[in-house]
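1. sequence-free structure coming up:
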Ligand SMILES: Nc1ncnc2c1ncn2[C@@H]1O[C@H](COP(=O)(O)OP(=O)(O)OP(=O)(O)O)[C@@H](O)[C@H]1O
Ligand SMILES: [Mg+2]
């Protein structure tokens, strides 16, 4: 299993894409009916199939182009490292001069473009040259300027459910001829937090016997200490977690725990399910969880303001306990 699972199992057809049924159905029918727009936005969770699906579309728009010649008609541009107006102008120029097949421009991390770059792109998005399709990919559609959004067809890629991920990982382990217990598959599916790729990375580690650093028991105790106002224990636990995680990750993980605990009290399944015996989450004080969550957001902001992360995280945890 030397190959990276996420690459080996990258879907090549719509039918292989998991957990995005509505979006895939809409895209397929738009392609069949010839109503697919010339400018699309794919938004949603990281590692949920945006780039994969954009490539499948490129292939569908070029049915006569051989697999190895597809790169001639698809330009994948990382907007995060091409944020400026000049970059956008260059992209537009390049399209004008290449005349092979149906050109597909995939703009990854589209929300990173500068405002001026967006403006330079606007006219082209509104009226792309014939035979050109733009696909903007983003995890943060709210950061795209409204004039861009309104010129594009929007397709959403949702978090993939735990049960879909679990079945998928069991299937892959089977194809690799490796043992994966249903419990381990479920654990990985929960930890993936909706991202097929994140789960595949964990699966790979698990299958190759690599130890996955798992601080969730420490977090469980830390959340309990904070909830119960036990400063001494909370500080000890934070210093234990800091051995393998940086302050920012710790505070972001605490945010998630308070969020998950809130959802659990409504019976939703979250990555912390195993820590709470059946029915025990009903006793959570939701307004207290809300309060802890917003305090965490404040502490996270403080972390950006100073390089002294140890002081911020420790003072932050004391504040959470009060
Ligand atoms: N819906 C899915 N069905 C099957 N495999 C998937 C799906 N989504 C992601 N994957 C797996 O994860 C890998 C990465 O997916 P992809 O690059 O399409 O994610 P993405 O949504 O573009 O992520 P990012 O936001 O990080 O760019 C793929 O190679 C594939 O193995
Ligand atoms: Mg991508």
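-> Right, received. Where do you want to start? Quantities reported herein were computed from a predicted structural model and do not represent experimental measurements. Ligands and ions are numbered 1, 2, ... in the order given.

2. and the stretch 1-150 of the chain, which of its residues are near ligand 2?
-> 50-51 (Cβ under 5 Å from the ion). Backbone N, C-alpha and C define where each C-beta goes, glycine included.

3. any chance you could map the helices in the stretch 1-150 of the chain?
-> 5-8, 21-33, 50-61, 85-97, 115-126, 146-149 (DSSP state H, counting those that start in this stretch).

4. Switch those over to a markdown table; also include mean pLDDT.
-> Shown next, in a markdown table, are the helices of the stretch 1-150 of the chain (pLDDT from 0 to 100):
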| stretch | mean pLDDT |
| --- | --- |
| helix 5-8 | 94 |
| helix 21-33 | 97 |
| helix 50-61 | 96 |
| helix 85-97 | 82 |
| helix 115-126 | 88 |
| helix 146-149 | 90 |
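
5. Including mean neighbour count, could these go into JSON lines?
-> As requested, the helices of the stretch 1-150 of the chain are exported to JSON lines (neighbours: other Cβ atoms under 10 Å):
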{"stretch": "helix 5-8", "mean neighbour count": "15"}
{"stretch": "helix 21-33", "mean neighbour count": "14"}
{"stretch": "helix 50-61", "mean neighbour count": "21"}
{"stretch": "helix 85-97", "mean neighbour count": "15"}
{"stretch": "helix 115-126", "mean neighbour count": "17"}
{"stretch": "helix 146-149", "mean neighbour count": "14"}
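
6. possible to save these as TSV with distance to residue 318?
-> What follows is the helices of the stretch 1-150 of the chain, written out as TSV (distance: least, Cβ to Cβ, whole Å):
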stretch	distance to residue 318
helix 5-8	40
helix 21-33	45
helix 50-61	41
helix 85-97	46
helix 115-126	41
helix 146-149	42
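
7. Just want the phi and psi numbers for the residue nearest the centre of the chain.
-> In the chain, the residue lying closest to the centroid (Cα atoms, centre = their mean) is residue 46, at 1.8 Å. Main-chain torsions, residue 46, degrees, to the nearest 10: phi -60, psi 140.

8. which residues does it contact?
-> Contacts for residue 46 (Cβ atoms under 8 Å, 6 or more residues apart in numbering) come out as 139, 195, 197-198.

9. Distance check, it against residue 14.
-> For residue 46, the distance to residue 14 equals 21 Å [Cβ to Cβ, to the nearest Å].

10. next one: residue 53
-> 8 Å.

11. Residue 96 against residue 130, yeah?
-> No. Contact criterion Cβ atoms under 8 Å: residue 96 and residue 130 do not qualify, at 11.4 Å.

12. Find me the pLDDT at residue 210, would you?
-> At residue 210, the model reports a pLDDT of 80.

13. Would you verify that it is located in a strand?
-> No. Looking at residue 210 with DSSP: H, G, I helix; E, B strand; the rest coil, it is coil, so not inside a strand.

14. Enumerate every residue touching residue 65.
-> Per Cβ under 8 Å, 6+ apart, neighbours of residue 65: 59, 72-73, 101.

15. Got phi/psi on it?
-> phi -90, psi 130.

16. quick revisit: take the contacts of residue 46 and write them to a markdown table, including secondary structure.
-> Below are the contacts of residue 46 laid out as a markdown table (three-state DSSP):
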| residue | secondary structure |
| --- | --- |
| 139 | coil |
| 195 | coil |
| 197 | helix |
| 198 | helix |
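
17. Now do stretch 17-34: everything it contacts.
-> So stretch 17-34 is contacted by 11, 14, 35-37, 48-49, 52-53, 56-57, 60-61, 153, 155-158, 160-161, 164-165, 168, 196 (Cβ under 8 Å, 6+ apart).

18. I misspoke; the intended subject was stretch 81-92.
-> Under the criterion Cβ under 8 Å, 6+ apart, residues 75, 77, 105, 107, 112-114, 116-117, 119-121, 124 lie in contact with stretch 81-92.

19. cutoff 10 Å now
-> With Cβ atoms under 10 Å, 6 or more residues apart in numbering as the test, stretch 81-92 has contacts from 75, 77-79, 105, 107-109, 112-124, 128-129, 132, 134.

20. Report the helix or strand with the lowest average pLDDT across the protein.
-> None of the helices or strands of the chain scores lower by mean pLDDT, DSSP states H and E than helix 85-97, at a mean of 82.

21. mind listing what the residue of the chain found nearest ligand 2 touches?
-> With Cβ to the ion, the shortest gap between the chain and ligand 2 falls at residue 51, namely 3.2 Å. By Cβ under 10 Å, 6+ apart, the residues touching residue 51 are 10, 42, 76, 106, 108, 135, 137, 197.

22. Verify the stated contact: the second one with residue 158.
-> This points to residue 42. No. The criterion here is Cβ atoms under 10 Å, and residue 42 misses it with residue 158 at 11.6 Å.

23. more neighbours, those two?
-> Neighbour count, other Cβ atoms under 10 Å: between residue 42 and residue 158, residue 42 has more, with 30 against 15.

24. Who is that one paired with across the strands?
-> residue 137, residue 155 (DSSP bridges).

25. Who are the contact partners of it?
-> The neighbours of residue 42, taking Cβ under 10 Å, 6+ apart as the test, are 20, 23, 27, 48-54, 57, 106, 108, 110, 135-139, 141, 152-157.

26. I appreciate the help and will end here.
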